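>>> build me a model:
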Amino acid sequence: MDTVSVAVLSGDPISSAGVAAMLRHCPALTLLPADRREEADVVLVLTGEVTEETLACLERTGRETTNPGMRMVVVGEMVREQHLLRAVNSGVLSVIPRRDAAPERLLRAVLGLRDGHAELPGRAVAWLIEWVRAIQHDVLAPNGLTTSPLESREVEVIRLIAEGLETASIAERLNYSERTIKNIIHGAMSRLNLHNRAHTVAYALRAGII
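So this is what the prediction gives:
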């Protein structure tokens, strides 16, 4: 398995040196100097309280990366709700309180990003879930949109196809014409480059849409 390249950012050179020394002994990791952080798979940011300055650093790191798969782990305290989206949009997937930042925990967080695992405080996860629900309810649904690439009526039609209904039955169920149902299906397939109805249903199932 390929190693994960890691860069450590910190305003405290002692903390940075200590964490870097710990990471250097892990054979699954390749340690990069801070001035090469734009190349890293994972940037580990050590801070005290997450402040406006911290967020600016995260956003700058996210903009400057040359690695499209780069993700960040923040070790710090008090990630406020109003800061959370900015941090996530910058590439932060894991936030670990400093009091919990034992070497094993840091290694697990860094290596976990390679496998798509994130670590966030429970309150942060709950807030993000409520935010997504609010966006869906207040912004997307009134405009016939969803958080997926499919529109709400496309999801309805594909769900009925998955249940085994033919075009005529779907049209009757949804009070549309058969032509409208065919246009809805064709539009979704064309936009997402799907080959047929079975492929469309499989896509929706894999994406967790239906």
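>>> next, the contact list for the residue nearest to the spatial centre of the chain, please.
With distances taken as C-alpha atoms, centre = their mean, L93 lies nearest the centre of the chain, 7.1 Å away. Counting by C-beta atoms under 8 Å, 6 or more residues apart in numbering, L93 makes contact with R71, M72, V73, L113, A118, E119, L120. For glycine as for every other residue, the C-beta is placed from the backbone atoms N, C-alpha and C.
>>> show me where pLDDT drops low in the chain?
1, 78-79, 144-147 (pLDDT under 70).
>>> try 80
Along the chain, segments meeting pLDDT under 80 span 1-2, 77-82, 121-124, 127-129, 131-133, 135-149, 207-208, 210.
>>> can you give me the helices for it?
Remark: helices assigned in the chain by DSSP state H are 13-24, 52-64, 81-90, 103-114, 122-135, 152-162, 167-174, 178-192, 197-206.
>>> and H117, how many neighbours?
12 (other C-beta atoms under 10 Å).
>>> same thing with T54?
Per other C-beta under 10 Å, the neighbour tally for T54 reads 20.
>>> verify the contact between T65 and R36 for me.
No - using C-beta atoms under 8 Å, T65 makes no contact with R36, being 10.9 Å away.
>>> picking up where we left off before, just the closest of the contacts of L93 to P27, please.
L113 (17.2 Å; C-beta to C-beta).
>>> now for the nearest residue in space to the closest one that is not next to it in sequence, how many residues are close by?
Leaving out its chain neighbours, the residue that sits closest to L113 by C-beta to C-beta, 6 or more residues apart in numbering is R71, at 4.7 Å. The local packing of R71 (other C-beta under 10 Å) involves 22 other residues.
>>> ok, T3 next?
Neighbours around T3, by other C-beta under 10 Å: 13.
>>> list the contacts for it?
By C-beta under 8 Å, 6+ apart, the residues touching T3 are P27, A28, L29, T30.
>>> switch the cut-off to 10 Å
By C-beta atoms under 10 Å, 6 or more residues apart in numbering, the residues touching T3 are C26, P27, A28, L29, T30, L31, D41, R114.
>>> what's the neighbour count on V155?
16.
>>> I figured it was touching A204, is that so?
Yes - using C-beta atoms under 10 Å, V155 is in contact with A204, at 7.2 Å.
>>> need the residues touching each of these two.
S148, A188, I210.
>>> next, count neighbours for the first one.
The reference is to S148. Counted with other C-beta under 10 Å, the burial measure for S148 works out to 17 neighbours.
>>> please apply the same query to the one 5 residues further on.
One way to gauge burial is a neighbour count; for R153, by other C-beta under 10 Å, it gives 17.
>>> separation between the closest residue to it other than its chain neighbours and R80?
Once flanking residues are discounted, R153 sits nearest to I184: 6.1 Å by C-beta to C-beta, 6+ apart. I184 is 42 Å from R80, where distance means C-beta to C-beta, to the nearest Å.
>>> N196 too?
48 Å.
>>> those two - which one has more neighbours?
Between N196 and R80, counted using other C-beta under 10 Å, R80 has the larger neighbour count: 13 against 10.
>>> quick one: contacts for that one?
Per C-beta under 10 Å, 6+ apart, neighbours of R80: E49, V50, T51, L55, A87, A124, W127.
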